[in-house]
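Visitor: predicted model follows, preceded by the sequence.
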Amino acid sequence: MRRADVTELSGSVGLGAWTAFGLLTLAVVGAGGAPLFLDDALHAWSLAHRPEVAVAAARALTATGTGVIAYLLAALAGVLVGRTPRQRLTGVALAVGCLASGQLLRYTVMVLVHRPRPPRQDWATHASGWAFPSGHATTATLTAGLLILALTVNAPRGGTALRLAVGCWGVLVGLTRVYLGVHWFTDVVGGWLFGLGWLGLCVCAMSRWLPAGFLT
């Protein structure tokens, strides 16, 4: 794909995702933080379907969507996208920077919106802070997107199954937050949209300013 195409596509995806995120945020704020759309139904379903083995699996999966693991995966994406030692070092710095700045911006939005989480007695894992947008969903979306981009750069005509698996991981991390009772579904949707929007804008900037041959 040509550099101009990457810039246009990533910018369009980022702008579209953030437009949708803005509309969802307005709905959340307008409702005073109360559950929206499928929130109550999916929360009730999760509470009614919690065998111990499923809860344990969800806790293990949700743990991969934050902290050191996410940063290691982002760094791996940076290594994969480069062709020379210098490019790999730059790739790691950019990937980790994209993730860290996205998390910081997400935290700022979370504090401003200050949406309450579901009732604490329904939680099946630890959680902290306000609910919207979900930090795990945002982090997993950014990390998965960076890995998918790196895999696409290295094998543009192959690796479809691996890219699909990475994408599914990003989605499932978000869904575990609903299943474990610490987020409403719209918190997770907000995290997916926010992460996709920030990733799109980061890739747009990278494709515009990085030296020729780095991403294509």
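Guide: Sure, I can see it.

Visitor: mind checking how far the residue nearest to residue 21 when sequence neighbours are not counted is from residue 132?
Guide: In this structure, residue 21 finds its nearest non-sequential neighbour in residue 193, 3.9 Å apart by CB to CB, 6 or more residues apart in numbering. (Glycine included, C-beta is placed from N, CA and C.) Residue 193 is 11 Å from residue 132, where distance means CB to CB, to the nearest Å.

Visitor: those two: which is more packed in?
Guide: Taking other CB atoms under 10 Å, residue 193 and residue 132 do not tie; residue 132 has more neighbours (27 against 24).

Visitor: can I assume the more buried one is in contact with residue 187?
Guide: Yes. Using CB atoms under 8 Å, residue 132 is in contact with residue 187, at 4.8 Å.

Visitor: what do the two both touch?
Guide: Common contacts of residue 132 and residue 187, defined by CB atoms under 8 Å, 6 or more residues apart in numbering, comprise residue 115.

Visitor: any weak-confidence spans in the chain?
Guide: 1-7, 155-158, 210-216 (pLDDT under 70).

Visitor: and the strands in it?
Guide: Along the chain, no segments are classed as strands by DSSP state E.

Visitor: could you measure from residue 161 over to residue 41?
Guide: As judged by CB to CB, residue 161 and residue 41 stand 32 Å apart.

Visitor: quick one on the thing from earlier: tell me the contacts of the residue nearest to residue 21?
Guide: For residue 193, the contact set (CB under 8 Å, 6+ apart) comprises 17-18, 20-21, 24, 133.

Visitor: which of those has the most neighbours?
Guide: residue 133 (31 neighbours).

Visitor: contact partners for the closest residue to that residue other than its chain neighbours?
Guide: Excluding its sequence neighbours, the residue lying closest to residue 133 (CB to CB, 6+ apart) is residue 190, at 3.4 Å. The neighbours of residue 190, taking CB under 8 Å, 6+ apart as the test, are 21, 24-25, 28, 132-134, 137.

Visitor: how far away is the nearest residue to residue 39 once chain neighbours are set aside from residue 154?
Guide: Closest residue to residue 39 apart from its sequence neighbours, by CB to CB, 6+ apart: residue 184 at 4.2 Å. Distance, residue 184 to residue 154, by CB to CB: 37 Å.

Visitor: these two: which has the busier surroundings?
Guide: Using other CB under 10 Å as the criterion, residue 184 and residue 154 rank with residue 184 on top: 29 against 13.

Visitor: please say which of residue 161 and residue 41 ends up with more neighbours.
Guide: The neighbour comparison of residue 161 against residue 41 (other CB under 10 Å) goes to residue 41, with 11 against 8.

Visitor: how close does the more buried one get to residue 61?
Guide: 22 Å.

Visitor: kindly report the same for residue 101.
Guide: Separation of residue 101 from residue 61 (CB to CB): 25 Å.

Visitor: now swap in residue 37 and tell me
Guide: Distance from residue 37 to residue 61, by CB to CB: 24 Å.

Visitor: any idea how far residue 90 is from the nearest residue to residue 93 once chain neighbours are set aside?
Guide: Spatially, and ignoring its direct neighbours in sequence, residue 93 is nearest to residue 78 (7.0 Å; CB to CB, 6+ apart). Distance of residue 78 to residue 90, given as CB to CB: 8 Å.
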